[in-house]
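Undergrad: Here is my input; please provide its structure:
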Amino acid sequence: MPVLRSNTYDAIVVGSGITGGWAAKELTERGLRTLVLEAGPPVDPVHDFVEHLPPWAMPYRGYRNRRAMSHDQPVQQQCFFACDEWASKFFVNDRENPYTTPPDAPFAWIRGRHVGGRSIMWGRQVYRWSDLDFEANARDGIGVDWPIRYADLAPWYDYVERFIGVSGQAEGLAHLPDGHFLPPMALSCAEVAVRDAMQRRWGRARVLTIGRTATLTVPHGDRAPCHYCGPCHRGCSTFSYFSSLSATLPAATRTGRMTLRPNSVVERVLYDEHADRATGVRVIDAETRHVTDYRARIVFLCASTLESTRLLLHSKTSRFANGLANSSGVLGKYLMDHVFGVGAEGTIPGMEHEQLTGRRPTGIYVPRFRNIARGRQSTMRASHFVRGYAFQGAASRRGWQRGLDMPGFGAAFKASLSRVGLWQMSFGGFGECLPQAENTVTLHPTLTDTWGIPALTIRCVRGANEHAIIHDMQQSAVELLDAAGATEIQPYNEQLPPGLCVHEMGTARMGQDPKTSVLNRWNQCHDVSNLFVTDGACMPSSACQNPSLTYMALTARACDYAVRQLHDHVL
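TA: Just a heads-up that it's a prediction; the model follows:
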């Protein structure tokens, strides 16, 4: 069947989230006619963003329809901080999008299939990685060495930060490089007290700073600054926080060279064995089930870590019997997600006359302080783990909700809840997960999604190093609070399964050697030169910082390289 010219483009981008939006912007601004394919429906900020809709206007007063969610979103509802009555529409239907895990290795796969993807619901924390992270695998003899270093990515971090708008405070730490910051948001008085206490105890060895967030504090381009309303996961009508919908997709639209096609489920990447090239993708219309082939000179997979890998695994050919571009055999291996849900909280005495104003859309950040000296001998300590962790958290006055878990009865009890409570401070750890070949995703032999595409089986377990980090994170969180004079300190370990940090990475890693990696230093498949993967699947290690800023920088860098290769007739 002849391919219609209307189905032929210079580039195809699969996915419209954090990385897909960036690929769309960069490729169109560099002159390429680009088709962006999104598996889910369009999102209209005017009607779909309901951040100001009060609880009493909701059928379940902001809580969930438990019966419906248990039926349709049993996995997604575990994302407790975002999947509520307002925002559950931004999370997939688990019955339509099934997957399996072994009984002894649960994994919570949190997904958003709609235009903008998870860039609508993300936490917006953006931290650069350093060579402490890019050199870690080589230094420790774990996994494969990154094919790039900080110097390769630094100008692209600059480029991305200037466009998205990042508010934050420069701290001059080599292992957490500073960036291009808009004015920082303010610490609360309790957070200042904790910061100062930490400085008295540890000096610059342990630093508390305001969270670096992709949320505007001043006007930036045509986007307005944040007005501190708070419920960012419901969407942002003022486009004050960065998302594909607020920034990159509009930039691509302005070029006149982007075609955005929602409800387009990519079934496979098309591959010409004689030309040894990807020729395009096959798409199933999510509503009509009509199948269409689209052609392009280059293809960018930005569908999210596990979706991009699932697509490569399913796009097998006679040459690549175990998945497209998988001559190495490592496709689907080395899955990682940050250790999460561990820390401590306590009461900070004093300052009862101080009150918060507004709902600040970021917390505090304590950068990694374990194993930060360069060199193998300094990476181990008495607790016997490599790598490290950081803390995020915040201080706030306890509100009336404290009455849910405190004793009391009668008029005096109710009156006490009309006044704000004491200051509370929390530290929650984000720990590095090591790449292990046993943590895998594979295609299920019989289970398929609603569109007939094989589902994944996901296996991800934490090893001894992650458990040692968990133990140390909990102890350190208590130490930080104790140094600040906190009372009623309560350590916690929620024992969350992998996946709930929503920082899944790996399974199509970058590397120098085609025998041990899927992608090269430009996020280009070793085996298929016009096929690129720039989402979290490309990561050879996980560091402990939130990864989205690194995804964006890698995507912009890969697009620049791909377009130069096209212009030089290499691709």
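Undergrad: OK, contacts around the nearest residue to residue 369 once chain neighbours are set aside?
TA: Ranked by CB to CB, 6 or more residues apart in numbering and with sequence neighbours excluded, the top spatial neighbour of residue 369 is residue 206, at 5.0 Å. Heads up, the C-betas are built off the backbone N, CA and C, glycines and all. With CB atoms under 8 Å, 6 or more residues apart in numbering as the criterion, the residues that contact residue 206 are 198, 366, 369, 480.
Undergrad: do residue 456 as well
TA: Going by CB under 8 Å, 6+ apart, residue 456 touches 99, 100, 109, 306, 310, 441, 442, 443, 444.
Undergrad: Out of the residues you listed, which comes closest to residue 295?
TA: residue 310 (21.9 Å; CB to CB).
Undergrad: Does the closest one touch residue 443 like I think?
TA: Yes - taking contacts as CB atoms under 8 Å, residue 310 lies within contact range of residue 443: 7.3 Å.
Undergrad: Mind listing the shared neighbours of those two?
TA: Any residue near both residue 310 and residue 443 by CB under 8 Å, 6+ apart counts here, and that gives 454, 456.
Undergrad: Show me which of the two is the more surrounded one.
TA: Each of residue 310 and residue 443 has its neighbours counted (other CB atoms under 10 Å); residue 310 has more, 25 against 19.
Undergrad: who does the helix or strand where the more buried one lies touch, helix- and strand-wise?
TA: Here residue 310 sits within helix 305-314, counting by DSSP states H and E. Using 3 or more CB pairs under 8 Å, 6 or more residues apart in numbering; DSSP states H and E as the contact test, the elements touching helix 305-314 are strand 264-272, strand 291-301, strand 440-448, strand 454-459.
Undergrad: most packed of those strands?
TA: Each of the helices and strands packed on helix 305-314 was scored by mean neighbour count; the highest is strand 291-301, a mean of 23, by mean count of other CB atoms under 10 Å.
Undergrad: Dump the C-alpha coordinates for it into PDB.
TA: The C-alpha trace of strand 291-301 is given here as PDB (Å, rounded to 0.1, in the frame of the first residue of the first chain):
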ATOM      1  CA  VAL A 291      -4.200   1.700  11.900                       C
ATOM      2  CA  THR A 292      -2.000   4.200  10.100                       C
ATOM      3  CA  ASP A 293       1.700   4.200   9.200                       C
ATOM      4  CA  TYR A 294       3.600   7.400   9.500                       C
ATOM      5  CA  ARG A 295       7.100   7.900   7.900                       C
ATOM      6  CA  ALA A 296      10.000  10.200   8.900                       C
ATOM      7  CA  ARG A 297      13.700  10.500   8.500                       C
ATOM      8  CA  ILE A 298      14.300  10.400  12.200                       C
ATOM      9  CA  VAL A 299      12.300   9.100  15.200                       C
ATOM     10  CA  PHE A 300      12.500  10.200  18.800                       C
ATOM     11  CA  LEU A 301      11.100   8.000  21.500                       C
END
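Undergrad: Starting from it, tell me which strands it pairs with and how they run.
TA: Here strand 291-301 has these sheet partners by DSSP bridges: strand 8-14 (parallel), strand 277-285 (antiparallel), strand 531-533 (parallel).
Undergrad: what does the second one contact?
TA: Outside strand 277-285, the residues within contact range by CB under 8 Å, 6+ apart are 12, 14, 37, 261, 263-272, 290-296, 298-299, 324, 451-453, 528-531.
Undergrad: which intervals of the chain have sub-threshold pLDDT?
TA: With pLDDT under 70 as the threshold, the chain has low-confidence stretches at 1-6, 374-383.
Undergrad: Please parse it into its domains.
TA: Domain assignment for the chain, taken from automatic domain parsing, gives 7-124+242-337+438-461+501-567, 166-230+340-431+462-493.
Undergrad: roughly how far is the longest one from the heart of the chain?
TA: From the chain centre to the centre of domain 7-124+242-337+438-461+501-567 is a distance of 12 Å (CA atoms, centre = their mean, to the nearest Å).
Undergrad: End to end on that domain, go ahead and measure it.
TA: Using CA to CA, to the nearest Å, the end-to-end distance of domain 7-124+242-337+438-461+501-567 comes out at 22 Å.
Undergrad: Helices of the stretch 401-550 of the chain, residue ranges please.
TA: Ranges of helices within the stretch 401-550 of the chain are 411-416, 464-483, 548-567, based on DSSP state H, counting those that start in this stretch.
Undergrad: Can you tell me which of those is most buried?
TA: Taking mean count of other CB under 10 Å as the contact definition, the stretch among the helices of the stretch 401-550 of the chain with the greatest mean neighbour count is helix 548-567, which reaches a mean of 23.
Undergrad: For that helix, name the packing helices and strands.
TA: With contacts defined as 3+ CB pairs under 8 Å, 6+ apart, the secondary structure elements packing on helix 548-567 are helix 18-29, helix 150-164, strand 291-301.
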